[in-house]
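**Q** return a 3D structure for these sequence lines:
(one chain, ligands or ions: 1)
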Amino acid sequence: MTEPRPLAVITGASSGIGLELARQFADNGFDLLINAEDDELQAAAAELEATGASVQAVQADLRSYDGVEKLYAEILATGRPVEAAALNAGVGQGGPFVQTDLADELSIIQLNCASTVHLAKRLLKDMQARNSGKVLFTSSIASTIPGSFQAVYNASKSFVQSFAEALQNELKETEITITSLMPGPTETEFFERADMADDTAVGTSKKDSPAQVARQGFEALMSGRAKIVAGSLKTKASGIANKVTPDKAKAAMHRMMAKPGTGKK
Ligand code: NAP
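**A** Next up, the predicted model:
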């Protein structure tokens, strides 16, 4: 008898880092339950099925409480333990805080922070009952930088980072591992969605490959590492520099990268 494949849950799996994380899980013997909001998820599921994994796609808007509960109900309905979860869905918004739309920013908090806490609560209770499981939180290098002209997004990632590191400590006497994935600027739909693709220095700069970020994140998760700054050597060097750079200087550097009008045409 062959061993059944373990199940991994990945949110935000229709594009970018989440899709590449899903590919890593599939290529490494996991079946998948993937989530995103839009229909593009179905195309991602078809692509991932070609790896030989069984893939279930659950479309749900994680900005709402009911959306997260819908996803969790589908997870429970599989009747299978979740061996690994990547809580990855997230969005940003660039621009001066006094001009950006309040509704957009509250929905960033809803998705990046509230849904992450909500799903972690459900999944970790089940993992604790079995004393097994691995959870990857997609944080960001932005979690360590006051995000001038992207203020709410960076703050949301500081929340995720602090949350993940607190859970690592709470669960250190169990077999459950928590890993925080901290990408730098990565070539995905993120900057387009955040209205930063064309007129900011970060939006127009060369970015890391989502496949490379996901591979490093997956390897860190499997080896139970607490956190990883993932991507190119340049990104890893920024991660090291961030540890010793004063917050005020980091905010000034972020301004140069994220202020509208700084884009290279
Ligand atoms: P992306 O390509 O835009 O992917 C975002 C994913 O989140 C998509 O699958 C999207 O699906 C999903 N999503 C968005 N709103 C959702 C909602 N309301 N409910 C459920 N799913 C939703 O961007 P990405 O760069 O891969 O982002 C993935 C994660 O990486 C995010 O947490 C982001 O903060 C983080 N990150 C990105 C970078 C970067 O430079 N790209 C750097 C550091 C960290 P739909 O299209 O269906 O909405």
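**Q** all strands for this protein, in order.
**A** 7-11, 31-36, 55-59, 82-87, 133-138, 176-183, 227-230 (DSSP state E).
**Q** does the fifth one come close to the ligand?
**A** Spelled out, that is strand 133-138. Yes - counting by CB under 6 Å from any ligand atom, the ligand is contacted by strand 133-138 at Thr138. C-beta: built from backbone N, CA, C; applies to glycine.
**Q** sorry, back to before: out of the strands of the chain, which gets nearest to Leu76?
**A** Nearest of the strands of the chain to Leu76, taken as CB to CB: strand 82-87 at 9.7 Å.
**Q** who does that closest one pair up with?
**A** strand 7-11 (parallel), strand 133-138 (parallel) (DSSP bridges).
**Q** and Thr116, what does it touch?
**A** 87, 137, 160, 163 (CB atoms under 8 Å, 6 or more residues apart in numbering).
**Q** spatially, what comes nearest to Gln24 if we skip its sequence neighbours?
**A** Closest residue in space to Gln24, ignoring its immediate chain neighbours: Phe218 at 3.8 Å, by CB to CB, 6 or more residues apart in numbering.
**Q** over to Glu49?
**A** Take Glu49 and drop its neighbours on the chain: the residue closest to it by CB to CB, 6+ apart is Val55, 4.9 Å away.
**Q** what sits against that neighbour?
**A** 26, 31-34, 45, 48-49 are the contacts of Val55 under CB under 8 Å, 6+ apart.
**Q** ok, now Thr186?
**A** Counting by CB under 8 Å, 6+ apart, Thr186 touches 16-17, 207-210, 213, 231.
**Q** on that earlier part again, who wins for neighbours among the contacts of Thr116?
**A** Leu87 (29 neighbours; other CB atoms under 10 Å).
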